[in-house]
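Q: Any chance you could fold what I've pasted below:
(chains A, B, C and D)
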2 protein chains.
Amino acid sequence: MTDIPRTARPTMKDVAARAGVGLKTVSRVVNEEPGVTEDTISRVQAAIDALGFRRNDSARLLRKGRTASIGLVLEDLADPFYSPLSRAVEDLARAHSTLLFTGSSAEDADREQELVLAFCARRVDGLVIVPASEDHRYLEPEIAAGVATVFVDRPAGGIDADVVLSDNAGGTREGVAHLIAHGHRRIGFIGDLPRIHTAAERLRGYREAMEDAGLPVHGNWVSCGPTAPGRVRAAVESMLSGPEPVTALFAGNNRITVTAVRVLADLPSVVALVGFDDFELADLLRPAVTVVAQDPGQLGRTAAGLLFQRLDGVAGAPKRVELACRLIPRGSGELPPVP
Amino acid sequence: MTDIPRTARPTMKDVAARAGVGLKTVSRVVNEEPGVTEDTISRVQAAIDALGFRRNDSARLLRKGRTASIGLVLEDLADPFYSPLSRAVEDLARAHSTLLFTGSSAEDADREQELVLAFCARRVDGLVIVPASEDHRYLEPEIAAGVATVFVDRPAGGIDADVVLSDNAGGTREGVAHLIAHGHRRIGFIGDLPRIHTAAERLRGYREAMEDAGLPVHGNWVSCGPTAPGRVRAAVESMLSGPEPVTALFAGNNRITVTAVRVLADLPSVVALVGFDDFELADLLRPAVTVVAQDPGQLGRTAAGLLFQRLDGVAGAPKRVELACRLIPRGSGELPPVP
DNA sequence: CTGAAAGCGCTTACAG
DNA sequence: CTGAAAGCGCTTACAG
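A: Here you go, the predicted structure:
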C-alpha cells in the first residue's frame, strides 16, 4: 500500500490505483457518465466499495465553479418569527439540491457583514439576508461577481437589490382603522426602534390611519424604542395615565404585544389591543388577541424563489415584492372604549 | 488586460501579475505572514484593492484539510423547541470561527441520512444530529475518517457515539409524582410515537411514578401516537369518559400540551395538567400551565461544546451527558382532583 | 471505450 | 526577503 495520507479518506486516485484504471474512468463511474464498459464499471465499483470511497464535493465544486450552497443571514435563528422563514428557505434550497449556511446577526451590522462576507468567501451561489445593517455597499463587489442576493423583511441600504417585504404600513393602517371602527379615538402606538425599517413603516401606518379618521395624535401616545419589557411596561402605563388616557393600544411587533398583554393583565382598566405579528396561543388568551398577521413562511418562500430564479439566469432590474398582511379579529381588538 | 475569466473574480494570480510579484508573496500578504517588506506589502495591497480581490476560502480549505464548517441536522428548524438549540450551536460555531450548515430531517430517516451525507461530502469537520433515523451505521465510515459527531436529544442507533440528552424519564417521574402529591390517583398519559426515544423514556417515567405510588394504570389511560390535534383530542375525550375517568393528564410534549389545553378549555370538567416542555405564554393561560421544562439552549451548548472538544483533539470513549429537567408549577398541575 | 495532462484557487515545502 | 514547483481532490478538454 501507499504511505498513510494526512486524511484517512481514499480519493479517486486511490480508487483508480486499486481498480487498475485511469483517474478519469473513476470520475466517469462516480458521475454515472456513459461510455464505460459494464466490466470496467464493476471493477471500479468494487474498488469504491472496498475503500469506502465517497467523493469530496468541495473539491468537485471548486473545479465546477458553482458551490451549490447559499447563505441565510437573519436576526436570530431562535426567534419564532424567523424560524418558519428559515424553514421555507431551506425547503426551496433542498428542492434545488443546494445546501444552506445559516447565521444570526443579532441585529448587529458588523456581525451581519462578517457573516455575509464569510459566506461569500466560501463562494456561496446566493444570499438571503434579513438586514441588520443600513449600508450594504460592502456587497457590491460580491453582487458584481455574480452572487445572487435577495433581501427579505427589510430593504437593503445604499444598493438597489431584490427585496421581499410585508406591507407593514398597510397592515398597521388596517389594524388601527379596526380599532377606530370599534369606537376608539385615543389610540396608543408602541413600536420598535424607528431605525428599523419595519418599525418606521408601522409607525407611518398608524399616523396615516389616525389622520385618515381625522384624529389627533398626542405626544405621549407614541412610544418607540427597544422591545425590552421594562420600556414597554413604562410606555403602557404612561399612555393609560394622565388627562387623555388611551382606550386602545397598537403593539408594533410580537414581543411588544406579549409584554402589553402581561401588563394589561395586571391592570384594572379594560384596554383594547391589536398587535402586529401573529403568535402561538394568541387565540387561547382571554381576551384572545386580535393581530395583523404576516406570513413569515411566505416571505421566505418568495425570497428563496426569487433567488433561485436569479440563479437560473433570470435577469432584469431588481424586484420589490410586497406581501399583504391579514387582520385576524379574536376579541382584544373588538373591545369597546372604556372611559 | 487578460481575457475575461469564467468568473469575474480576480484570483491571487491576477493580484500577483498586477503587483509584479510571485504568487506566494500575495499569499503571504493576504495571510499576514511575516517576512515581507513594507514596500512589497503596499504594492500587493494596492493590487488587491484595485482588483477587489477576496480570497476564496473554499480553495484555501481544500488545501488545508479542515473546512471550518459543521453541519446541524434537526427535526424542524421552525419548531420553537429546536430554535434555541440551533442558536446555541451557532454561537459556539462562531466562537470557533466555524460556519454552520443546517437542515431539517422532518422526522424522516432517509432525509436525515441524505442531509448528513451531503454535509460529509462537503467535508464538514463535525456534525450535531438530532436523530430521526434509528440506524446510524451509515455514519461509521465518516466517523472513522475523522468527522466528529455528537447526537443530541436522542441517542444514536447502532453505533456508539457522543450524546447529550435530557433526563426524560426522571423529569416525567417528577411531573407525575407532583400530580400524585396533589391528590390525583387516576392520571392519563398522552405521548408521542413510542419509537421516538424521548417519547418512550417519558412513558417509562410515567409508569415508574405510578408504580412507585402503588397506583394502577388502566388500559385507556395511556395513549401514544402522532401529535396531530385530532388524535390528541380523541385521547383526552376517551380518558375523561367511561367508568374510571382520569382527574389529571400528563402531556408528553409541547404540541400535545397545547392541544390538551385547547380541548380542556372546551370541556366543563376541571382536569389537572402537567406538560413536558415549557412553551411561551404558558404563564398567561388560565390556569397557567405547569410544565416539566428542558433547556434546549443548554442542550445545544453542551452538544456543540463536546463537538469542539473532539475537534480540538480530546479523545476517549463516547460520552453520554444527561441534563436535568425542572418542574415549574404554575397552576394547572396543582388543581385538586374533581370526581 | 479509456486516460494523461492541465487546471479550479489556494497552501506547503523547498530553494535561492 | 521572495518565488517556482508540487499538490489538495476533483473536472475539463483533448488525444488516442
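
Q: Test my guess that residue A:207 contacts residue A:217.
A: Yes - between residue A:207 and residue A:217 there is a contact at 6.4 Å, judged by C-beta atoms under 8 Å. (Glycine included, C-beta is placed from N, CA and C.)

Q: residues near residue A:94, how many?
A: For residue A:94, the neighbour count with other C-beta atoms under 10 Å in any protein chain shown is 18.

Q: check contacts around the closest residue to it other than its chain neighbours.
A: Setting aside the residues directly before and after it, residue A:94 is nearest to residue B:103 in space (C-beta to C-beta, 6 or more residues apart in numbering or on different chains), at 7.6 Å. Residue B:103 makes contact with A:90, A:94, A:99, A:100, B:71, B:72, B:73, B:74, B:115, B:118, B:119 under the criterion C-beta atoms under 8 Å, 6 or more residues apart in numbering or on different chains.

Q: Tell me which helix or strand the second one sits in.
A: For residue A:94, the element it lies in under DSSP states H and E is helix A:83-95.

Q: Identify each buried residue in that helix, please.
A: A:83, A:84, A:85, A:86, A:87, A:88, A:89, A:90, A:91, A:92, A:93, A:94 (16 or more other C-beta atoms under 10 Å in any protein chain shown).

Q: how near is residue A:196 to residue A:225?
A: Residue A:196 sits 11 Å away from residue A:225, going by C-beta to C-beta, to the nearest Å.

Q: Please apply the same query to residue A:102.
A: On the measure of C-beta to C-beta, residue A:102 and residue A:225 end up 29 Å apart.

Q: any idea where the strands of the stretch 1-150 of chain A begin and end?
A: A:69-74, A:99-104, A:126-129, A:148-152 (DSSP state E, counting those that start in this stretch).

Q: Mind giving me the packing neighbours of the third one?
A: Spelled out, that is strand A:126-129. strand A:69-74, helix A:109-121, strand A:148-152, helix A:296-311 (3 or more C-beta pairs under 8 Å, 6 or more residues apart in numbering or on different chains; DSSP states H and E).

Q: which is the next helix or strand following the longest one?
A: If you walk from helix A:296-311 toward the C-terminus, the next helix or strand you reach (DSSP H and E) is strand A:320-323.

Q: partners of that next one in the sheet?
A: With DSSP bridges as the test, strand A:320-323 is paired with strand A:162-166 (parallel).

Q: Now do the buried residues in whichever helix or strand comes after the strand it pairs with.
A: Using DSSP H and E, the helix or strand that directly follows strand A:162-166 along the chain is helix A:168-181. Under the neighbour-count criterion of 16+ other C-beta under 10 Å, helix A:168-181 has A:168-180 buried.

Q: Just the local confidence number for the residue in the stretch 151-300 of chain A positioned nearest to chain B, please.
A: Closest approach between the stretch 151-300 of chain A and chain B, counting by C-beta to the nearest C-beta: residue A:281, at 4.9 Å. As summarised for this prediction, residue A:281 has a pLDDT of 91.

Q: list the contacts for it?
A: B:258, B:279, B:280, B:281, B:284, B:285 are the contacts of residue A:281 under C-beta under 8 Å, 6+ apart.

Q: Can you say which of those residues are buried?
A: B:258, B:279, B:281, B:284, B:285.

Q: Is the first one within a helix or a strand, and which one?
A: Assignment of secondary structure by DSSP H and E places residue B:258 within helix B:254-265.

Q: For that helix, name the packing helices and strands.
A: Using 3+ C-beta pairs under 8 Å, 6+ apart, helix B:254-265 is in contact with strand B:187-191, helix B:229-240, strand B:248-251, strand B:272-276.

Q: looking at those, which is closest to residue B:29?
A: strand B:272-276 (56.5 Å; C-beta to C-beta).

Q: For that closest one, which strands pair with it and how are they oriented?
A: Strand B:272-276 has these strand partners (DSSP bridges): strand B:248-251 (parallel), strand B:290-293 (parallel).

Q: between those, which one is nearest to DNA strand C?
A: strand B:290-293 (45.8 Å; C-beta to the nearest atom of the strand).

Q: low pLDDT regions in the stretch 51-200 of chain A?
A: For the stretch 51-200 of chain A, no stretch is flagged by pLDDT under 70.

Q: Could you chop chain A up by domain?
A: Using automatic domain parsing, the domain ranges for chain A come out as A:12-55, A:66-166+A:296-325, A:168-293.

Q: so how far does the second one reach from one end to the other?
A: When you say that, I think you mean domain A:66-166+A:296-325. Distance between the two ends of domain A:66-166+A:296-325: 36 Å, counting by C-alpha to C-alpha, to the nearest Å.

Q: and if you look at the last one?
A: This stretch, domain A:168-293, spans 10 Å end to end (C-alpha to C-alpha).

Q: Pick the one among the buried ones among the contacts of residue A:281 closest to residue A:324.
A: Taking C-beta to C-beta as the measure, residue B:281 is the one of the buried ones among the contacts of residue A:281 closest to residue A:324, at 26.5 Å.
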